[in-house]
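# Sequence plus the predicted model coming up.
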Amino acid sequence: MKMNRAFNLMLATAWVSLGISAAGAGMAQDAEEAPLALTIDGVTLNGQDYRSVTITADTPLTITASEPVTSECTRGLQNQSTSHFGRNGTLTTREFAMAQTAWSYFETFYQPDTGLVNAVGNFPSTTLWDTASYISALTAAYELCVIEKREFDTRATQLLNTLRNLPLYRGEAPNKVYNSATGAMVDYTNEAGEIGMSANDIGRLLVWLQILKERHPHLANSVDNVPMRWNFCNLINEDGRMFGSFTQGNGETRYVQEGRLGYEEYAAKGFALWGFDVDRAMSPEPLAYTTIYDVRVPHDGRDPRVFKSQNYVLTEGYILDGLEMGWDLPTDSTNDGMVASNGWRAEFANRIYLVQQRRFEQTGIITARSEHQVEGSPYFVYDSIFADGYRWNTLDPTGEYQPDRAAIAAKAAIGLWALWDTDYTDLLFETVADLSQPDRGFYEGLYENGNGFIPLQTANNNGVILAALLYKVQGPILQRVNQNTQVWDTAFIGTDIRDNKCHPNRMVEEIPCCACANRNTVPPVIPIEEFLYCRPVIGGEEVGATDCSTVEHNLAPPQVRQVLPSSCPIPSLNP
């Protein structure tokens, strides 16, 4: 039988899989008496599969093996979007190495007694926001074949056990900070204490708990039992706003509205995914705009001087919404990666991206801004596109201007790269792709002023980078695929426990007796005329968005065609 080149390659692969070297084969054949014979199982020859192929020869055979072939990662393909905004496709060798590097942070700074991971390097402290970033990293590492299922399950179950049994602030919900080594409530200096609750942090964790049970139904029962302990009465008020809390100097608790445009709506989606009514928190109002490089940049309309809370415009809230939920509404279960059902979020995200690209084009300053850690005082900055009335305003938590701490945030750069496939995001990628340390993960970023990289690694930064890499492969990470009955919906039905903790009751549906006879329509908060960079999609629960671009589409908004109803209700008579 004559062997062609393709068959030689098949044989080479077979020899590698059998673990037999060419030299070993020759020696074995020398010891045999002619004719020599070799049988290989599972061979494809000229496109046809054979159970086995036997090769005979009167003289010794020489078989040359090729380089070993790395098997393709095929996990999660059943959850993969066929197409999605931004970059689509498998990871390159370099990108896979980046995923391994990012995951190394969670190996090095893992706390074996609790299953938690330090938020910043060696300091044994964490928040719910950073714990959500760890779940992000864990999910992505498994889906990208960086870790095996045994490690995933071991880590996930231990983490859920710790979250299920965390001590709660005033017995209500999780404290803002915990000692990652012990699970005890602490303050920001890691000293024992109850300092308050963060609705934004809890909302982010709820997003990732939902993702965890959608992708891994075998963990759903454990996931549901985490928030079942929490009392939400002071976190969500009756008009759908989110509230955090802090401990005052006299030891009493004060509850304050929490969240500003960008982060507020993202965190609110976390609550909405679990059935809470947070429509007001998900609305962009009150809303204002500032024009930077001809881009109308949206910002929160609440005056910081009055409300004592800054209106930072940052990248992270928008890219997290895109990477994790595809800028979709929490009720959207279509898993369509090319239509953002929460359309104004996609439109605003495009503006947040575009204004940073424009800054680079006009000034040469590579820009990808988000909040981030810094070495030494002030330890943390909000590296804003706009804040407190000023563009490109870098502020510390006290409101002090810190221009030397402005940086290209690694998580923002890779997140923008995943969501926008442009020459500028290619540049962002190259700026931060190698800013890492073996076994410790990626550095926070690169200072804009030339002072080098920020010599710190964090859970949030590395978790977001892993999520961005997973997005490239699979699209929006939240895929609504778990159709099983959920403990969260059925537990304690028929008792007062759900009402006492203000848990939503999805097993009861209120239907107004008047039905929809004289239904009023409410215009969208963000009118379709504001969709400059995304094409509006009419007909859903809200105005959706698709065909997003950095170029204004200049298309007239589609007009809704009005038709007469098939029947008209009888108007009610005045008494």
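Ah, there it is.

# ok, so what distance separates residue 297 from residue 472?
Using Cβ to Cβ, to the nearest Å, residue 297 is found at 27 Å from residue 472. C-beta: built from backbone N, CA, C; applies to glycine.

# nope, residue 335 is what I meant
Remark: distance between residue 335 and residue 472 (Cβ to Cβ) = 17 Å.

# For these two, indicate the residue with more neighbours.
Per other Cβ atoms under 10 Å, whichever of residue 335 and residue 472 has more neighbours is residue 472, with 23 against 18.

# per-residue confidence for residue 207?
The predicted local confidence for residue 207 comes out at a pLDDT of 98.

# Let me see the contact set for it.
With contacts defined as Cβ atoms under 8 Å, 6 or more residues apart in numbering, the neighbours of residue 207 are 132, 266, 269-270, 273, 324-325, 478.

# How about the secondary structure of it?
Three-state call for residue 207 (DSSP: H, G, I helix; E, B strand; the rest coil): helix.

# again, but for residue 335
For residue 335, the reduced secondary structure class is coil; criterion used: three-state DSSP.

# Quick check, it in contact with residue 341.
No - if you go by Cβ atoms under 8 Å, residue 335 and residue 341 don't touch, sitting 11.0 Å apart.

# Any regions of the protein where pLDDT drops low?
1-35, 42, 47, 65-71, 76-81, 510-521, 555-575 (pLDDT under 70).

# The residue minimising distance to the centre of the chain sits in which helix or strand?
The geometric centre of the chain, computed from its C-alpha atoms, lies nearest to residue 324 (Cα atoms, centre = their mean), at 3.7 Å. In the assignment (DSSP states H and E), residue 324 maps to helix 316-325.

# then that helix to PDB, C-alphas only?
Listed next in PDB are the C-alpha coordinates belonging to helix 316-325 (Å, rounded to 0.1, in the frame of the first residue of the first chain):
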ATOM      1  CA  GLU A 316     -16.400  49.800  33.900                       C
ATOM      2  CA  GLY A 317     -20.100  49.900  34.600                       C
ATOM      3  CA  TYR A 318     -20.800  49.900  30.800                       C
ATOM      4  CA  ILE A 319     -18.300  47.200  29.800                       C
ATOM      5  CA  LEU A 320     -19.500  44.900  32.600                       C
ATOM      6  CA  ASP A 321     -23.000  45.200  31.400                       C
ATOM      7  CA  GLY A 322     -21.900  44.500  27.900                       C
ATOM      8  CA  LEU A 323     -19.600  41.500  28.700                       C
ATOM      9  CA  GLU A 324     -21.900  39.900  31.200                       C
ATOM     10  CA  MET A 325     -25.400  40.700  29.900                       C
END
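
# Identify all contacting residues around that helix.
Residues from elsewhere that reach helix 316-325 (Cβ under 8 Å, 6+ apart): 85-86, 136, 204, 207-208, 211, 262-263, 265-266, 269, 327, 342, 345-346, 348-349, 352, 370-371, 409, 411-412, 415-416, 418-419, 464, 467-468, 471, 476-478.

# buried ones in that helix?
Along helix 316-325, these residues count as buried under the neighbour rule (16 or more other Cβ atoms under 10 Å): 316-325.

# likewise stretch 263-270?
So, applying 16+ other Cβ under 10 Å, buried residues of stretch 263-270: 263-270.

# now it, how far from the chain's geometric center?
How far stretch 263-270 lies from its chain's middle: 13 Å, per Cα atoms, centre = their mean, to the nearest Å.

# How about stretch 402-409?
Stretch 402-409 sits 24 Å away from the centroid of its parent chain (Cα atoms, centre = their mean).

# got it, and stretch 105-115?
Taking the mean C-alpha point of stretch 105-115 and that of its whole chain, the gap between them comes to 20 Å (Cα atoms, centre = their mean).

# Just the buried residues of it, please?
Of the residues in stretch 105-115, those buried under the neighbour-count criterion (16+ other Cβ under 10 Å) are 105-106, 108-111, 114-115.

# Stretch 408-417 now?
Quick answer for stretch 408-417 (16+ other Cβ under 10 Å): 408-417.

# quick revisit: so can I have a markdown table of the buried residues of stretch 105-115 showing distance to residue 453 and secondary structure?
As requested, the buried residues of stretch 105-115 are exported to a markdown table (distance: Cβ to Cβ, whole Å; DSSP: H, G, I helix; E, B strand; the rest coil):
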| residue | distance to residue 453 | secondary structure |
| --- | --- | --- |
| 105 | 15 | helix |
| 106 | 20 | helix |
| 108 | 18 | helix |
| 109 | 18 | coil |
| 110 | 24 | strand |
| 111 | 26 | coil |
| 114 | 30 | coil |
| 115 | 30 | coil |
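
# With respect to residue 146, which of these is nearest?
Minimum separation from residue 146 among the buried residues of stretch 105-115 (Cβ to Cβ) is found for residue 106, which lies at 10.0 Å.

# give me every residue that touches the closest one.
Residue 106 makes contact with 117, 134, 137-138, 141, 441, 459, 462-463 under the criterion Cβ under 8 Å, 6+ apart.

# Next, give me the two most distant ones among the residues you listed.
The largest separation in the contacts of residue 106, counting by Cβ to Cβ, is between 138 and 441 at 13.9 Å.

# out of the two, which sits in the more crowded spot?
Set residue 138 next to residue 441 and count neighbours by other Cβ under 10 Å: residue 441 wins out with 27 against 24.

# is it true that the more buried one touches residue 461?
Yes - taking contacts as Cβ under 8 Å, residue 441 lies within contact range of residue 461: 7.5 Å.

# Quick one: list the elements packing against the longest helix seen in the chain.
When secondary structure is assigned using DSSP state H, the longest helix within the chain turns out to be helix 343-363. Under the contact criterion of 3 or more Cβ pairs under 8 Å, 6 or more residues apart in numbering; DSSP states H and E, the helices and strands touching helix 343-363 comprise strand 287-292, strand 295-300, helix 316-325, helix 410-419, helix 423-432, strand 544-546.

# please redo it, this time with the cut-off set to 6 Å
strand 295-300, helix 316-325, strand 544-546 (3 or more Cβ pairs under 6 Å, 6 or more residues apart in numbering; DSSP states H and E).

# what's the offset of the second one from the middle of its chain?
To tie it back to what came earlier, the one meant is helix 316-325. With Cα atoms, centre = their mean as the basis, helix 316-325 stands 6 Å off its chain's centre.

# can you give me the angle that helix makes with helix 343-363?
If you take axes from the mean of the first three to the mean of the last three Cα atoms, to 10 degrees, helix 316-325 sits at 130 degrees to helix 343-363.

# quick one on the thing from earlier: helices - which of the contacts of residue 106 land there?
Assignment to helices by DSSP H places the following of the contacts of residue 106 there: 134, 137-138, 141, 459, 462-463.

# got those residues as TSV, with distance to residue 302 columns?
Output for the ones in helices among the contacts of residue 106, formatted as TSV (distance: Cβ to Cβ, whole Å):
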residue	distance to residue 302
134	32
137	33
138	36
141	39
459	30
462	33
463	29
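
# these two touch, right, residue 328 and residue 341?
Yes - in terms of Cβ atoms under 6 Å, residue 328 counts as a neighbour of residue 341; the distance is 4.7 Å.

# Could you check which of these two is surrounded by more residues?
Comparing residue 328 with residue 341 by neighbour count (other Cβ under 10 Å), the higher total belongs to residue 328, at 27 against 24.

# The more buried one: what's it in contact with?
Residues in contact with residue 328 (Cβ atoms under 6 Å, 6 or more residues apart in numbering) are 341-342.

# which SS state does it fall under?
Using three-state DSSP, the secondary structure recorded for residue 328 is coil.

# Against residue 451, how distant is it?
As for residue 328, its distance to residue 451 is 39 Å (criterion: Cβ to Cβ).
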